[in-house]
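Asker: Take a look and give me a structure for this.
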Amino acid sequence: MDKIIFKKETMNEQLPETLYAVESHMGGIYFEDVDLDVDDDYSCSADDPYYCEMCGGSDWPLGPIDTPLELLALLVERYDYREDIRKMSDEDIAKSLERLVVEGGEEIVVDISDYDDALQALIEYRESEKQNAGGESLKNS
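Answerer: Predicted coordinates for the structure are as follows:
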């Protein structure tokens with residue numbers, strides 16, 4: 001799958017198959033259709049399935065993606081320097097989403113006309129993730 005289009009009416013729809021997001025050491029994110037163990041630490045060794053012989057770097061498995069909203073949340077975290085979305089304020093989410101919309105990317109398409117819907121969906125996603133994590137405070141940071 002080359003692109004996942006974010007639209008209000010499809011943001012929570014299951015993708016045809018679970019995709020496993022991998023962050024490239026060269027930049028960007030791509031998808032595998034195999035189950036990845038994100039807890040494995042290969043430390044850029046020969047055992048690392050993502051080891052790059054050219055530069056000695058390695059890609060990083062990020063985890064499974066089942067909906068466009070999950071991917072959007074993951075990308076917003078990456079644009080905010082790996083901060084957990086549960087700890088991000090509304091303002092930080094908005095700034096990260098804005099950069100994603102402006103700079104674009106090959107992984108997801110969010111049109112400027114869908115920005116408000118995407119922002120609201122991300123804020124609601126953050127709140128549900130807080131509840132799933134054990135009922136952290138639901139007030140904005």
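
Asker: so where do the helices sit in this protein?
Answerer: 68-79, 90-103, 115-132 (DSSP state H).

Asker: and the longest one, C-alpha only, in CSV?
Answerer: As requested, C-alpha coordinates have been extracted for helix 115-132 and formatted as CSV (Å, rounded to 0.1, in the frame of the first residue of the first chain):
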residue,chain,number,x,y,z
TYR,A,115,-7.3,19.4,8.6
ASP,A,116,-10.0,20.3,11.2
ASP,A,117,-11.5,16.8,11.0
ALA,A,118,-8.0,15.3,11.4
LEU,A,119,-7.1,17.5,14.4
GLN,A,120,-10.4,16.6,16.1
ALA,A,121,-9.9,12.9,15.4
LEU,A,122,-6.3,13.0,16.8
ILE,A,123,-7.4,14.8,20.0
GLU,A,124,-10.2,12.2,20.5
TYR,A,125,-7.7,9.4,19.8
ARG,A,126,-5.3,10.9,22.4
GLU,A,127,-8.1,10.9,25.0
SER,A,128,-9.1,7.3,24.3
GLU,A,129,-5.5,6.2,24.5
LYS,A,130,-5.2,7.9,27.9
GLN,A,131,-8.2,6.0,29.1
ASN,A,132,-6.8,2.8,27.7
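
Asker: most packed of the helices of the chain?
Answerer: Greatest average neighbour count among these goes to helix 68-79 (a mean of 21), per mean count of other Cβ atoms under 10 Å. To be clear about C-beta, it is placed using only N, CA and C from the backbone, and glycine gets the same treatment.

Asker: Give me the helices and strands touching that one, please.
Answerer: strand 4-5, strand 19-23, strand 29-32, strand 60-65, helix 90-103, strand 108-109, helix 115-132 (3 or more Cβ pairs under 8 Å, 6 or more residues apart in numbering; DSSP states H and E).

Asker: For the residue nearest the centre of the chain, which residues are in contact?
Answerer: Nearest residue to the geometric centre of the chain (Cα atoms, centre = their mean): Leu74, 1.7 Å. By Cβ atoms under 8 Å, 6 or more residues apart in numbering, the residues touching Leu74 are Ala21, Ile29, Leu62, Gly63, Ile65.
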